[in-house]
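[1] This is a predicted model, with the sequence first.
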Amino acid sequence: MKGNFTIVLKVSVALAAAFVLVGVLIPDRLETAMATAQTFMFETFGWYYQILTTSLFIFAIWLAFSKYGKVKLGGPKEKPEFTRPVWFSMLFSAGIGIGLLFYGVSEPIAHFADPPRGDGGTEEAAVNGVRYTWLHWGLHAWSIYALVALALALQQFRYKAPGLMSTTLSPIFGDRMKGGWGNAVDVIAVFATLFGVAASLGLGSQQINSGLVFLFDIPYNFTVQLIIMTIITVIFVISASTGIKKGIKYLSTINMSITGLLLLFVFIVGPTLFLLNMFTSSLGSYLRTFFDMGLRMSPVDEQEAGWTQVWTVFYWAWWISWTPFVGMFVARVSRGRTIREFIAGVILAPSLVTFIWFAVFGGTGIYMELYEGLNVSGQELETALFYVFQELPFTMIISAFTIIIITIFFVTTADSATFVLGMQSTGGNLNPPVKIKILWGFIFVSATAVLLAAGGLDAFQTAIVVSAFPLSFILILMCVGIVKTLSDEKNMKIRRK
């Protein structure tokens, strides 16, 4: 069995190195091929991603309220390893991180200015701008994470199986997952993790660069972003060497505290009453149109269909590509919790925070454009947040704090990712060797640099959508495996009686 895990490590590293090499030697061809692949995946399989994501949400809610809700992720008397506040901070930092700051202002204002339906720049578009953002960052996304983490935690903590994606399919395929098929599943998971995390790190380096432009007039270019990634690589390598109970735990807790203070500051000094009204109106609109948004494909409206493909379908693929990373990490820190508590904690709590976050930051940007005449929507995605900060008190201080927050999110994301990749390539080892984590850290930083050079955000989108497609079928099988595992355990208890 040890040899099989060595194969996963060797094959994954070789394929990742080959991708980096192609990006260095023939970047133009790589960019062309990725653009073609992105168009094909968006147009051909958008409907599939929509149906899959909504179905996963329904399945997660059913599990929480089913007879299996009281089942513990571990032994009957096992207690959670981390307190709820620490647990929440860790899963939240790993699950969203940099994206909150990158898209906090830029996505709601983009949907406000250019909505899928109707005219942009109106009062109706203002509410819809926040509502559409909630769709992409809320209940759907966290349902995907929760199910993968649940499947992993069940096998790890109740049946002492290795923490591998392939083991979650063992209830269906048995010992066949210990051979070539299992290796293939684990390699797919490694690559989805690699590209999903690379996208977040690329966005983080771009936004740190844009913040430095505002603060110190440092040029915005690939070279600066490469320097940023190099510096942060050194930081997260140090963090990775301290282990999950020190580096990730302490950084996650600190970052959530600082992030909460930033949110409170913007809420207080911003248009507070407008933001409260925005949150309330958006919540009603979101709940009323929840399933309509989650299943919309617009077969006769090309403009709306294009919007859905570029935004919604991309997000569903992004979250799926992140599931090995977030799922393994959340499973690792969730031992001892019941399925009901686990699903409620992983889906509802982070979703509520993202709702508040986007209502406050996105609502502030929309207010400035709608009532103060500022061109917030005309800013690049990575600069919109700092543009809004220019209109608030203590601009330099909050901009500097934001760069610190992004940097810590960068470190915790990279640290968590190296931990998960280390687990996946060392047979599910809950404490992978530091040298393996460092190896993966340098690999995905290299992959991030290649994708930045090959087309920036478009290249990240392509890598995510393509890598998520095969992984999506594994997710479906994992859900079948969850039901089979819980059902078999229930029947075994009945027979014992």
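    Here it is on my side, so go on. Computed from a predicted structure; not experimentally measured.
[2] All the strands of the stretch 101-250 of the chain, residue numbers only.
    In chain order, the stretch 101-250 of the chain shows no strands, with DSSP state E, counting those that start in this stretch as the criterion.
[3] who's in contact with S210?
    The neighbours of S210, taking C-beta atoms under 8 Å, 6 or more residues apart in numbering as the test, are 220, 380, 382-383, 386. In short, each C-beta sits where N, CA and C put it, glycine included.
[4] Could you measure from it over to F112?
    20 Å (C-beta to C-beta, to the nearest Å).
[5] same thing with W181?
    Remark: distance between W181 and F112 (C-beta to C-beta) = 47 Å.
[6] Between the two, point out the one with more neighbours.
    When W181 and F112 are compared on other C-beta atoms under 10 Å, the one with more neighbours turns out to be F112, at 29 against 13.
[7] Let me know whether that one touches G118 as I believe.
    No: with contact taken as C-beta atoms under 8 Å, F112 and G118 are classed as non-touching, separated by 11.2 Å.
[8] who touches both of the two?
    By C-beta under 8 Å, 6+ apart, the residues touching both F112 and G118 are 125, 128.
[9] For the stretch 251-400 of the chain, give me the ranges with low pLDDT.
    Applying pLDDT under 70 to the stretch 251-400 of the chain picks out residues 251-253.
[10] where exactly do the strands run in it?
    Assigned by DSSP E, counting those that start in this stretch, the strands in the stretch 251-400 of the chain number zero.
[11] could you list every residue that touches the nearest residue to F65 once chain neighbours are set aside?
    Counting by C-beta to C-beta, 6 or more residues apart in numbering, R340 is the residue found nearest to F65 once chain neighbours are left out, at 7.7 Å. Contact analysis of R340 by C-beta under 8 Å, 6+ apart lists 64-65, 69-70.
[12] try 10 Å
    When contacts are counted by C-beta atoms under 10 Å, 6 or more residues apart in numbering, R340 is found next to 63-66, 68-71.
[13] Next: F102.
    Residues in contact with F102, defined by C-beta under 10 Å, 6+ apart, are 200, 202-204, 206-207, 210, 381-382, 384-385, 406, 409, 457.
[14] from the residues you listed, which is closest to V269?
    Distance from V269 was checked for each of these by C-beta to C-beta. The minimum falls on L385, at 14.8 Å.
[15] Give the buried residues for stretch 36-52.
    Burial within stretch 36-52, assessed by neighbour count using 16 or more other C-beta atoms under 10 Å, is assigned to 38, 41-42, 45-46, 49-50, 52.
[16] Of the residues you listed, which belong to helices?
    38, 41-42, 45-46, 49-50, 52 (DSSP state H).
[17] about what we covered before: among the contacts of F102, name the buried ones.
    Buried, going by 16+ other C-beta under 10 Å: 200, 202-204, 206-207, 210, 381-382, 384-385, 406, 409, 457, out of those.
[18] Pick the one among those closest to A447.
    G202 (9.4 Å).
[19] Now whichever strand or helix holds L30: average pLDDT?
    According to DSSP states H and E, L30 maps onto helix 27-65. In this model, helix 27-65 carries a mean pLDDT of 86.
[20] my read: Q207 touches E382, true?
    Yes: between Q207 and E382 there is a contact at 4.6 Å, judged by C-beta atoms under 10 Å.
[21] overlap in contacts of those two?
    Residues touching both Q207 and E382 (C-beta under 10 Å, 6+ apart): 101-103, 106.
[22] Narrow those residues to those in helices?
    Per DSSP H, the subset of the shared contacts of Q207 and E382 in helices is 101-103, 106.
[23] now those in TSV, with distance to P76?
    Formatted as TSV, these follow (distance: C-beta to C-beta, whole Å):
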residue	distance to P76
L101	41
F102	43
Y103	42
S106	47
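[24] can you tell me which residues contact the nearest residue to V127 once chain neighbours are set aside?
    Leaving aside its chain neighbours, V127 sits nearest to S281 (4.9 Å; criterion: C-beta to C-beta, 6+ apart). In this structure, S281 makes contact with 123-124, 126-128, 130-131, 359, judged by C-beta under 10 Å, 6+ apart.
[25] List the contacts of S446.
    Contact partners of S446, counting by C-beta under 10 Å, 6+ apart, are 16-17, 19-21, 23-24, 198, 229, 233.
[26] ok but it is inside a helix, no?
    Yes: assessed with DSSP: H, G, I helix; E, B strand; the rest coil, S446 lies in a helix.
[27] mind checking pLDDT for it?
    The per-residue confidence score, pLDDT, reads 81 for S446.
[28] L21 versus that one, what's the distance?
    Noted for S446: a distance of 10 Å to L21, by C-beta to C-beta.
[29] just E382 next, same as before
    Counting by C-beta to C-beta, the gap between E382 and L21 amounts to 28 Å.
[30] in stretch 293-300, what's buried?
    Going through stretch 293-300 with 16+ other C-beta under 10 Å, the ones that come out buried are 293-294, 296-298.
[31] Also stretch 157-167?
    For stretch 157-167, the buried set under the neighbour-count rule, 16+ other C-beta under 10 Å, comprises 157-158, 161-167.
[32] Just the closest of the residues you listed to H136, please.
    After measuring the buried residues of stretch 157-167 against H136 - C-beta to C-beta - the closest member comes out as M165, at 24.3 Å.
[33] pretty sure the closest one contacts Q156?
    No: using C-beta under 10 Å, M165 is not in contact with Q156, being 11.6 Å away.
[34] Name the residues contacting each of the two.
    With contacts defined as C-beta under 10 Å, 6+ apart, the residues shared by M165 and Q156 are 328, 428.
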